[in-house]
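>>> fold the following for me, if possible:
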Amino acid sequence: AHNTKRKCQPCVDASTLSCLSEEEVSASLMVDLSQWKMKKMAKHPPSSSVLTISRIFVAKNFQAAMDYMNNVAKIAEREGHHPDLHLTSYREVEVVLYTHSVGGITKNDLMLALMLDKEITIDYSPKWLRDQQTK
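Numbering: from 1, shown residues only. Have a look, this model is predicted:
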């Protein structure tokens, strides 16, 4: 299990961080981060891609989505580790994590995902929650 008291390691010297293997990431997602999915994201040039973890959900309304994103911003600033945040259709939220400086998933990404899950209460769309329970 991960410890949310740990802080993200500064990325000032990216050589001290190493990308985790797909197997290491999968193991963490199964144990601690079941709401997160691993995916490859296209980069520029389009022939390359980067491994990321992401979480997608539908908030109850626009304000709930913005509250979540603002809370993510506070934690990201505190930790010095910043996710990609996407808001579409006014309440569909996606958080994408990877360590930009090394081009992959590091322990920092897993720690930040865990912090977001533990520290932020999400006001979900009731319909989205019902749909998740039937999956």
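>>> pull out the buried positions in stretch 119-133.
Residues of stretch 119-133 classed as buried by neighbour count (16 or more other Cβ atoms under 10 Å): 122, 124-125. C-betas here are computed from N, CA, C, even on glycine.
>>> and of those, the nearest to Lys60?
When those are ranked by distance to Lys60 (Cβ to Cβ), Ser125 comes first, at 5.3 Å.
>>> from the chain's centre, how far out does stretch 100-113 sit?
A distance of 9 Å separates the C-alpha centroid of stretch 100-113 from that of its chain, computed with Cα atoms, centre = their mean, to the nearest Å.
>>> returning to that earlier point: same list (the buried residues of stretch 119-133) but as TSV, adding distance to Leu87.
What follows is the buried residues of stretch 119-133, written out as TSV (distance: Cβ to Cβ, whole Å):
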residue	distance to Leu87
Ile122	13
Tyr124	15
Ser125	14
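>>> show me the contact partners of the longest strand along the chain.
For the chain, the longest strand by residue count, based on DSSP state E, is strand 49-58. With Cβ atoms under 8 Å, 6 or more residues apart in numbering as the contact definition, strand 49-58 has outside contacts at 19, 22, 25, 29, 33, 35-43, 91-98, 103-105, 109-110, 113, 116, 122, 124-125, 127-128.
>>> buried ones among these?
Neighbour-count burial within those applies to 19, 25, 29, 33, 36, 91, 93, 95-98, 104-105, 109-110, 113, 116, 122, 124-125; the criterion is 16+ other Cβ under 10 Å.
>>> name every strand pairing with the least confident helix or strand in the chain by mean pLDDT and say which way it goes.
Comparing helices and strands within the chain by mean pLDDT, DSSP states H and E singles out strand 37-42 as the least confident, with a mean of 90. Strand 37-42 sits in its sheet next to strand 49-58 (antiparallel), going by DSSP bridges.
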